[in-house]
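1. Return a 3D structure for these sequence lines:
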Amino acid sequence: MRIKKIAVLGAGTMGAQIAAHFANASIPSLLLDLPGLAHAGLEKLKKLDPAPLFDTNLISLITPLEFEKDFSRLKEVDWIIEAIIEDLDAKRTLLKKIHPFLRPDTIVTSNTSGLPLSSIALEMPDEFKKRWLGTHFFNPPRYLKLLELIPTKETDPQVIREIADFGDRWLGKGIVYAKDTPNFIANRLGTFGGLYTLKVMMEDGYSIEEVDTLSGPIVGRPKTATFRLFDLVGLDVFGLVSKNLYHNAPDDEQRELFKTPKLLEELLNRKWYGNKSGQGFYRKVGSEILTLDPATMEYRPQKKAVFPSLEMVKPMEDPRERIANLIRSKDRAGSFLWRTLSALLVYA
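-> The predicted structure is shown next:
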């Protein structure tokens, strides 16, 4: 194994957790960010639920450092993962700054959620581009198996194979190869699905609890469903991802859907970003989890979603059977699932 030590640039929600997952595989890392932020990122790791580390003692494998001041230490690592804000100019600037400190064999990748990899590295030397690609981890990286690899036309095939093999064998990831198109595969479909679901909720008067009940385990998806997932990922991140898709996919037949909807815009204006800010579509107060009422923008106690068809399909173990029966039902559950699932499948 050639990759024995890595560096992560950016100690935010994803950067720190990516470093933690490498620590789970006994791979030491350097975690770099603006002054004080790498230490703060490590402190947050200790409080996250679900826990990003197998064992809290593994945090000792992560060394918190500072941008600029500690760039010289990048010579120690075999792989650098960029995980800063989803801003094209910021990413380009960072690559230029670290370039003088790189070994000629160091692999550099980006954890961007959907910015074009070729555009990020546009102004970098040809030799750099051979060792450059996208490695899109999903939140939380310890628990979500998917790892999208996004090579550019210039990426050396041997580098692609090396990262894919390491991701599979050492990080336990399921590797999916994506083209360098806006938002790649998962976020392209996920952004459409999320925004279309939000549209159906507002048009047809579903509550947040109803949507999460209908888009979670009952249809074979995780318990985070729709709005809990938004809060987990971060509404600021979701807003940037959808904006990126709107600007970079001018020929997409559903482009207008990717404009920031009014409800999401209001949440962003209030800085209600989800879990990272303490409130989003949900808010935890003591031991109680409250739900946002979009009509009033106030939080209220949760209300259990009740649909006759759900009781009918609960005994069915196969999610395919449950979905087939639900979309044929004549209640509001059937209407919701038909609208959202059919639209997603047509878009895919």
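2. now the strands: where do they sit in the stretch 151-300 of the chain?
-> 174-177, 282-285, 288-293, 298-301 (DSSP state E, counting those that start in this stretch).
3. mind putting the ones you listed in JSON lines, mean neighbour count and distance to residue 310 included?
-> The way it works is simple: take the backbone N, C-alpha and C, and place the C-beta from them, glycine included. Below are those laid out as JSON lines (neighbours: other CB atoms under 10 Å; distance: least, CB to CB, whole Å):
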{"stretch": "strand 174-177", "mean neighbour count": "14", "distance to residue 310": "30"}
{"stretch": "strand 282-285", "mean neighbour count": "15", "distance to residue 310": "21"}
{"stretch": "strand 288-293", "mean neighbour count": "15", "distance to residue 310": "18"}
{"stretch": "strand 298-301", "mean neighbour count": "12", "distance to residue 310": "21"}
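4. now those in JSON lines, with mean pLDDT and distance to residue 165?
-> Shown next, in JSON lines, are the strands of the stretch 151-300 of the chain (pLDDT from 0 to 100; distance: least, CB to CB, whole Å):
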{"stretch": "strand 174-177", "mean pLDDT": "98", "distance to residue 165": "9"}
{"stretch": "strand 282-285", "mean pLDDT": "96", "distance to residue 165": "39"}
{"stretch": "strand 288-293", "mean pLDDT": "97", "distance to residue 165": "41"}
{"stretch": "strand 298-301", "mean pLDDT": "97", "distance to residue 165": "47"}
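5. export those strands to TSV and tack on distance to residue 119?
-> Converted to TSV, the strands of the stretch 151-300 of the chain look like this (distance: least, CB to CB, whole Å):
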stretch	distance to residue 119
strand 174-177	19
strand 282-285	35
strand 288-293	35
strand 298-301	40
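6. Out of the ones you listed, which is closest to residue 317?
-> Residue 317 lies closest, by CB to CB, to one member of these: strand 174-177, at 23.5 Å.
7. Now that closest one - C-alpha only, PDB.
-> Extracted C-alpha coordinates of strand 174-177, given in PDB (Å, rounded to 0.1, in the frame of the first residue of the first chain):
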ATOM      1  CA  GLY A 174     -18.600   1.000  -2.600                       C
ATOM      2  CA  ILE A 175     -17.000   2.700  -5.600                       C
ATOM      3  CA  VAL A 176     -19.100   4.400  -8.300                       C
ATOM      4  CA  TYR A 177     -17.400   6.100 -11.200                       C
END
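8. what separates the lowest-mean-pLDDT helix or strand in the chain from the chain centre, distance-wise?
-> Ranked by mean pLDDT, DSSP states H and E, the helix or strand of the chain with the weakest confidence is helix 235-248, at a mean of 91. Offset of helix 235-248 from its chain centre (CA atoms, centre = their mean, to the nearest Å): 12 Å.
9. With stretch 41-60 instead?
-> 18 Å.
10. picking that back up, quick one, which of the strands of the stretch 151-300 of the chain is nearest to residue 266?
-> Of the strands of the stretch 151-300 of the chain, nearest to residue 266 by CB to CB is strand 288-293, at 10.2 Å.
11. hmm, who's touching that closest one?
-> Strand 288-293 has contacts (CB atoms under 8 Å, 6 or more residues apart in numbering) with 207-209, 279-284, 298-303.
12. what's the least confident helix or strand of the chain packed up against?
-> If you count contacts as 3 or more CB pairs under 8 Å, 6 or more residues apart in numbering; DSSP states H and E, helix 235-248 packs onto helix 186-204, helix 262-269.
13. Can you check my assumption that residue 42 lies in a helix?
-> Yes. Per DSSP: H, G, I helix; E, B strand; the rest coil, residue 42 lies within a helix segment.
14. What sits closest to it if chain neighbours are left out?
-> Leaving out its chain neighbours, the residue that sits closest to residue 42 by CB to CB, 6 or more residues apart in numbering is residue 64, at 5.7 Å.
15. continuing past the host helix or strand of that neighbour, what's the next helix or strand?
-> Per DSSP states H and E: residue 64 is located in strand 62-66. Going down the chain from strand 62-66, the next helix or strand is strand 79-82, by DSSP H and E.
16. Tell me the helices and strands packed up against that next one.
-> Using 3+ CB pairs under 8 Å, 6+ apart, strand 79-82 sits against strand 6-9, helix 88-98, strand 107-110.
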